[in-house]
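**Student:** heads up, no residue letters with this:
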């Protein structure tokens, strides 16, 4: 299985348009230690020819433009895109669907909760309804036309996006991770960019994976209040911190498979390649996702 990181930052990307924090300032200035990042998504393929993507960020147009494998064939509108999987209804995971609205040459798959929440609350997204299917938790979804890659959603601790707060729900379909298995080799990819805590079920998914992309939004639980006093902490926002009490780093460092932190907020010091926090993460052999990063699983 081939993987391409289309975007590795959290909502707003790096630099975020309305943020003057140190890392955003340095990214705008072209500091090589703090390269710009777009909003989160990955592409996966069984053969390097046809691809599927997990989540469709607002930056998807530029992400696809920078990835020749997903360019249309010259003289056509035929792009080698089979499936778009959605892990939840966060704006930074779904807004790109409207960018990709023309001709609908692909299918969209999400849990029933995510589909219903998005289509019931947004008339624009109903343009995509003909291409939108659902998959219940642990229901197999074949991603590619040859049937080599199988995806399954699994529940992770999370929260309903703020824009859906009136539809608050404890349904396990609200926030999902996705497990993608190459049926030829049995090797697994797990992608969980939104994770409020590292519970036993999610840890078991990571332990069984050859490669895991884990929520790396915040380094510390109180990080959101650094720029905005009184802001909710990381877990209240639906993201397990990397370090500190309840942090994900110690458990993820014990995994045998490859582990990559993604969905990294502009407040997170690991975005600075020269920071002590980035060094701490990398000493555990955990990687920090970069736009354009490519992996073979």
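**Tutor:** Structure's in. What do you need? The structure presented is a predicted model; accordingly, all values stated were derived computationally and were not measured.
**Student:** packing partners for the helix or strand harbouring residue 251?
**Tutor:** Applying DSSP states H and E as the criterion places residue 251 in helix 249-253. Secondary-structure packing of helix 249-253 (3 or more Cβ pairs under 8 Å, 6 or more residues apart in numbering; DSSP states H and E): no helix or strand packs against it. (C-beta placed from N, C-alpha, C; glycine too.)
**Student:** please renumber so the chain begins at 2
**Tutor:** In the new count, where the first residue is 2, that last one comes out as helix 250-254.
**Student:** show me what the next helix or strand after that helix is packed against.
**Tutor:** Toward the C-terminus, helix 250-254 is succeeded by strand 259-263 as the next helix or strand (DSSP H and E). In terms of contact count using 3+ Cβ pairs under 8 Å, 6+ apart, strand 259-263 is assigned the packing partners strand 212-216, strand 288-289.
**Student:** looking at the ones you listed, which is buried most?
**Tutor:** Using mean count of other Cβ atoms under 10 Å, the stretch among the helices and strands packed on strand 259-263 with the greatest mean number of neighbours is strand 212-216 (a mean of 27).
**Student:** what's that strand in contact with?
**Tutor:** Contacts to strand 212-216, defined as Cβ atoms under 8 Å, 6 or more residues apart in numbering, come from residues 4, 43, 188-196, 206-207, 240-241, 249, 253, 256, 258-264, 290, 296, 298.
**Student:** list the buried residues of the worst-scoring helix or strand of the chain on mean pLDDT.
**Tutor:** Across the helices and strands of the chain, mean pLDDT, DSSP states H and E gives its lowest value to helix 113-122, namely a mean of 92. Under the neighbour-count criterion of 16 or more other Cβ atoms under 10 Å, helix 113-122 has 114-116, 118-119 buried.
**Student:** which residues in this structure form helices?
**Tutor:** 23-29, 61-66, 92-95, 97-100, 113-122, 201-208, 250-254, 277-284 (DSSP state H).
**Student:** could you dump those to a markdown table with distance to residue 158?
**Tutor:** Conversion of the helices of the chain to a markdown table gives the following (distance: least, Cβ to Cβ, whole Å):
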| stretch | distance to residue 158 |
| --- | --- |
| helix 23-29 | 27 |
| helix 61-66 | 27 |
| helix 92-95 | 17 |
| helix 97-100 | 25 |
| helix 113-122 | 15 |
| helix 201-208 | 7 |
| helix 250-254 | 14 |
| helix 277-284 | 22 |
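**Student:** winner for burial among the ones you listed?
**Tutor:** The highest average neighbour count among the helices of the chain, using mean count of other Cβ under 10 Å, belongs to helix 92-95 at a mean of 23.
**Student:** from the chain's centroid, how far away is that helix?
**Tutor:** 9 Å (Cα atoms, centre = their mean, to the nearest Å).
**Student:** how much space between residue 229 and residue 20?
**Tutor:** Residue 229 is 11 Å from residue 20, where distance means Cβ to Cβ, to the nearest Å.
**Student:** thinking again about what came up before, between the helices and strands packed on strand 259-263, which one is closest to residue 60.
**Tutor:** strand 212-216 (17.1 Å; Cβ to Cβ).
**Student:** could you list the paired strands of the closest one along with their orientation?
**Tutor:** Taking DSSP bridges as the criterion, strand 212-216 forms sheet pairs with strand 189-193 (parallel), strand 259-263 (parallel).
**Student:** could you give the angle of it to helix 201-208?
**Tutor:** Counting by axes from the mean of the first three to the mean of the last three Cα atoms, to 10 degrees, strand 212-216 lies at 140 degrees to helix 201-208.
**Student:** now strand 212-216: mean pLDDT?
**Tutor:** The average pLDDT for strand 212-216 rounds to 98.
**Student:** any stretches of the stretch 102-251 of the chain with poor pLDDT?
**Tutor:** Under the criterion of pLDDT under 70, the regions of the stretch 102-251 of the chain flagged as low confidence span 168-171.
**Student:** my read: residue 276 touches residue 282, true?
**Tutor:** No - when contacts are counted by Cβ atoms under 8 Å, residue 276 is not listed as touching residue 282 (9.5 Å).
**Student:** sorry, back to before: can you list contacts of the helix holding residue 252?
**Tutor:** 199, 204, 207, 213, 215, 243-244, 260, 281-282, 285-287.
**Student:** would CSV of those residues with distance to residue 89 be doable?
**Tutor:** CSV is the format used below for the contacts of helix 250-254 (distance: Cβ to Cβ, whole Å):
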residue, distance to residue 89
199, 17
204, 19
207, 18
213, 18
215, 15
243, 20
244, 24
260, 21
281, 28
282, 24
285, 27
286, 28
287, 23
